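J.: Dropping the sequence and predicted coords here.
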Amino acid sequence: MRSALAVVLFVAACGSGKPAVTQSPPPLPPTNEPPQPQPPVEPQADKPTKPVKNTSLAAIGLDPAALDKNADPCEDFYQFACGGWIKNTEIMPDLPIAMRSFVDIELRNEAYLHDVLEKAAKDPGTDPIAKQVGEFYASCMDEAAVEKVGLKAIAPYLKQIATIKDTKSLSAVITAWRQNGFPHLFGFGPIEDFADATQMIGSIDQGGLLLPDRDYYIVDDPKNKEIRATLVEVQAAVLVELGHKPDAAKKEAEDLLALETEIAKIHKDKVLLRDPKGIYNRLDRSGVEKAMPHFAWGPFFKTLGHDKLTAITVSAPEFLVGLDAILVKTPPATWRNYFAMRIPVPMMTKKLDEIAFKLQQKINGVAEQRARWKRCVTQTDNALGEALGQIFVRDKFPGASKKAAEEQVHAIVDAMNQDIDSLPWMDATTKGKAHEKASTMAYQIGYPSKWKTYKFKIGRATWAANWMASAKETAARNLAKIGKPVDREEWEMTPPTVNAYYTPNHNKMVFPAGILQTPFYQVDHSVAVNLGGMGMVVGHELTHGFDDQGAQFDAQGNMKTWWQPETEKQFKQRTQCVVDQYSGYEAGGAKVNGKLTAGENIADIGGLKLALAAYRNLRASSPDTDVADGFTEDQQFFLSFGQTWCAKMRPEYESMLVTVDEHSPAQWRVNGTLASSPDFAKAFRCKIGAKLRPKNACVVW
């Protein structure tokens, strides 16, 4: 379980869930109510008490052209900070979203990696890493070789599929595919034991769906009906490519939709999957076999190298019970077609590639397929991320970035400890435990201390074989963790990744080199701008240790109650306030799911508060103060925060994110967070009753 800063931007995320209805408790009293504001004026905060050094927004790292000064910052700060950018930005035809931070950085990183891989493919020299990544990339780019091999590359899988005649043979195929790194119907792999965070145990999770979420199958609105119709069309076309007759393929594809709908109905929804206590079910080996008796568990565990495994947790026990019934009642022919739809190699042939794109196009709304080189860069990073990452950090991650990030982490941890001391609703005993957790929280910046090595064989003209070999090695590496001590130094993201994450089981924050770039951070940007950008990222991840999920784990990463009862009650009331606040927002034609996004919203609100305190501490001894184009340093801080989230989405993609993403849409990550910040209201002199200065602000940390 981990909490990341942003969702994957270029592909549909796979998850499950159903919007929940929340009930509002009585409003909480305002926390840290700011002084009575002055009437609104052209953005100017309190008169500086230090000598003023005049500068420009551009000089300190902000984009003056992004602003919409016609917008009222107290009513819609997102529009104020980003309106100009949104108006003048076009979404690239092969992307579902444009974004001033994540997407722009991703595109820059992608262009750099493209140059590296092209050079490595042509002449790697004597560097073994360059040779490895260059040959993998070259095989992906060799469309002529891919077309020449064609469906022969997946012949072994088609042969396996043909053996499915009953539940025993179906179990054998599922087992073989899992061994090769292609889990279907359910996931199996390592997870930290929630009761003992030093050990890795087995974990079984629900799966089996092609569409991003269970709601796409079971909610009958026009959008979902269109997507399901496209799914049937796409699956029928793939079956035809595999040799089925068109009329038969159409009926078979409809049967597949019916099967996936049955699987969707037994999925635990995504809100329930956020509850650590709800997803930690130590059924162990005997409980798993009892819940799903028609699956051949003995051969499964033996083949995967865990014949003696007993320690297993299941995220959704009822899913296994329901799946067992589906295994029995579904005809073998439907199962054969089901697995034919999941042939595990991307970009197989041009025809299959075009067919698959139709479904993504329907879900994301993109106008055209991404260029092959872009997808081959992504595939190389996925397969050889810590090899490619060594080249990336060598060229793109100067020592100053790591040092600055470390300074920010220390400043924000100090701010968190100060914040804990100031909380009126937390008792002394719980404060002591919170201090312990904050002070022992580990962090990793840039790249791992020990690089992974990759031993699978790579052929320059055998793309499918290379991809499958990579998947098999990754599966073997992961399966080998079960039953072993936890490796707290291992990373879950590659160094070029534009993201960050917190893991409650490790009580650890991770910041890949890929995100430590402008607009989040740049060495010559002002302290206010860097802290409003990267500082907020650090504060966000730290606050995840104390959000509605992280708060259930202690300093050692064990799921354990460390709260006194009355303080825990206060914490839950404040969390519910945040749930209700965000449940009132709309995006993508639907309400934001306040329960699903609660952890990320708490982290945004807390992260901004901590970053602001850290920036003020760092600037306290400065002999002067910067005023940029009339904006004070506090205002610059909030502008930096707002401009990192400037985004523009295709309607289809926005609709998908509102359904599946644990993060609120960009507009509400800004406005929702600022509505809970008395310091923002003071900086921009917002009157009580303005949208971003409500009478009762929701503040947890």
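T.: Done, it's in. On a predicted model such as this, the values are computed, not experimentally measured, just so you know.
J.: so where do the strands sit in the stretch 501-650 of the chain?
T.: Assigned by DSSP state E, counting those that start in this stretch, the strands in the stretch 501-650 of the chain fall at 501-503, 508-512, 586-587, 590-591, 625-628, 647-649.
J.: Out of those, which gets nearest to residue 461?
T.: strand 508-512 (32.0 Å; CB to CB). Just so you know, the C-beta spots here come from the backbone N, C-alpha and C atoms, and that holds for glycine as well.
J.: Give the other helices and strands that that closest one contacts.
T.: strand 442-446, strand 501-503, helix 536-544 (3 or more CB pairs under 8 Å, 6 or more residues apart in numbering; DSSP states H and E).
J.: can you redo these as CSV with mean neighbour count, mean pLDDT and distance to residue 59?
T.: Shown next, in CSV, are the helices and strands packed on strand 508-512 (neighbours: other CB atoms under 10 Å; pLDDT from 0 to 100; distance: least, CB to CB, whole Å):
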stretch, mean neighbour count, mean pLDDT, distance to residue 59
strand 442-446, 18, 94, 27
strand 501-503, 24, 96, 33
helix 536-544, 29, 96, 21
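J.: can you list the ones you listed in JSON lines and add distance to residue 118?
T.: Shown next, in JSON lines, are the helices and strands packed on strand 508-512 (distance: least, CB to CB, whole Å):
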{"stretch": "strand 442-446", "distance to residue 118": "25"}
{"stretch": "strand 501-503", "distance to residue 118": "30"}
{"stretch": "helix 536-544", "distance to residue 118": "31"}
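J.: How far off centre is stretch 429-446?
T.: 23 Å (CA atoms, centre = their mean, to the nearest Å).
J.: now what about that stretch, what contacts it?
T.: With contacts defined as CB atoms under 8 Å, 6 or more residues apart in numbering, stretch 429-446 is touched by 393, 397, 401-402, 405-406, 409, 413, 416-417, 420-421, 423, 426, 488-489, 491, 495, 506-513, 516, 542, 545-546, 554-556, 562-564, 567-568.
J.: quick one, which of the helices and strands packed on strand 508-512 is nearest to residue 209?
T.: Among these, the nearest to residue 209 by CB to CB is strand 501-503 (24.0 Å).
J.: Give the partner strands of that closest one in its sheet and their orientations.
T.: Looking at strand 501-503 with DSSP bridges, its partner strands are strand 3-4 (antiparallel), strand 508-512 (antiparallel).
J.: Mind telling me which of those the model trusts least?
T.: Ranked by mean pLDDT, the strands paired with strand 501-503 end with strand 3-4 at the bottom, a mean of 66.
J.: low-confidence ranges in the protein?
T.: Residue ranges of the chain with pLDDT under 70: 1-48.
J.: on that earlier part again, is there a quick ChimeraX command that grabs whichever of the contacts of stretch 429-446 are buried?
T.: In ChimeraX syntax, the buried subset of the contacts of stretch 429-446 is picked out as below (16 or more other CB atoms under 10 Å):
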select :393,397,401,402,405,409,413,416,420,423,426,488,491,495,506,507,508,509,510,511,512,513,516,542,545,546,554,555,562,563,564,567,568
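J.: Sort out for me which of the contacts of stretch 429-446 are in helices.
T.: Judged by DSSP state H, the subset of the contacts of stretch 429-446 located in helices is 393, 401-402, 405-406, 409, 413, 416-417, 420-421, 542, 567-568.
J.: how close does residue 321 sit to residue 315?
T.: Separation of residue 321 from residue 315 (CB to CB, to the nearest Å): 13 Å.
J.: out of those two, which sits in the busier spot?
T.: residue 315 (21 against 14; other CB atoms under 10 Å).
J.: what residues are up against the residue nearest to residue 634 when sequence neighbours are not counted?
T.: The shortest distance from residue 634 to any non-neighbouring residue, by CB to CB, 6 or more residues apart in numbering, is to residue 683 (4.1 Å). Residues near residue 683 by CB under 8 Å, 6+ apart: 45, 632, 634-635, 637-638.
J.: if we can go back for a sec, mind putting the strands paired with strand 501-503 into CSV with distance to residue 530?
T.: CSV is the format used below for the strands paired with strand 501-503 (distance: least, CB to CB, whole Å):
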stretch, distance to residue 530
strand 3-4, 21
strand 508-512, 13
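J.: closest one to residue 129 among these?
T.: Residue 129 sits nearest to strand 508-512 of all the strands paired with strand 501-503, at 18.1 Å, using CB to CB.
J.: ok, residue 675 - contacts?
T.: Contacts for residue 675 (CB under 8 Å, 6+ apart) come out as 581, 691-694, 697-698.
J.: no, scratch that, I was asking about residue 374
T.: Residue 374 makes contacts with 94, 110, 114, as judged by CB under 8 Å, 6+ apart.
J.: distance of the first one from residue 581?
T.: To residue 581, residue 94 is 36 Å away according to CB to CB.
J.: Of these two, give the one with the bigger neighbour count.
T.: Legend: neighbour count by other CB under 10 Å for residue 94 and residue 581, higher for residue 581 (22 against 14).
J.: Surely the more buried one and residue 597 touch.
T.: No - the criterion here is CB atoms under 8 Å, and residue 581 misses it with residue 597 at 10.5 Å.
J.: Residues touching the helix or strand containing residue 107, excluding its own?
T.: According to DSSP states H and E, residue 107 maps onto helix 102-122. With contact meaning CB under 8 Å, 6+ apart, helix 102-122 is reached by 6, 9-10, 95, 97-98, 127, 130-131, 133-135, 137-138, 141, 373-374, 376-378, 380-381, 388, 391-392, 395-396, 496, 498-499, 514-515, 517-520, 647.
J.: what's the following helix or strand after it?
T.: Remark: after helix 102-122, the chain's next helix or strand is helix 128-141, criterion DSSP H and E.
J.: right, and the helix or strand after that following helix?
T.: Per DSSP H and E, the first helix or strand lying C-terminal to helix 128-141 is helix 143-149.
J.: Which secondary structure elements does the next helix or strand after that next one sit against?
T.: Where DSSP H and E defines the elements, the next helix or strand beyond helix 143-149 is helix 155-162. Helix 155-162 sits against helix 167-179, helix 332-340, with contacts defined as 3+ CB pairs under 8 Å, 6+ apart.
J.: now those helices in a markdown table, with distance to residue 430?
T.: Formatted as a markdown table, the helices and strands packed on helix 155-162 follow (distance: least, CB to CB, whole Å):
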| stretch | distance to residue 430 |
| --- | --- |
| helix 167-179 | 43 |
| helix 332-340 | 50 |
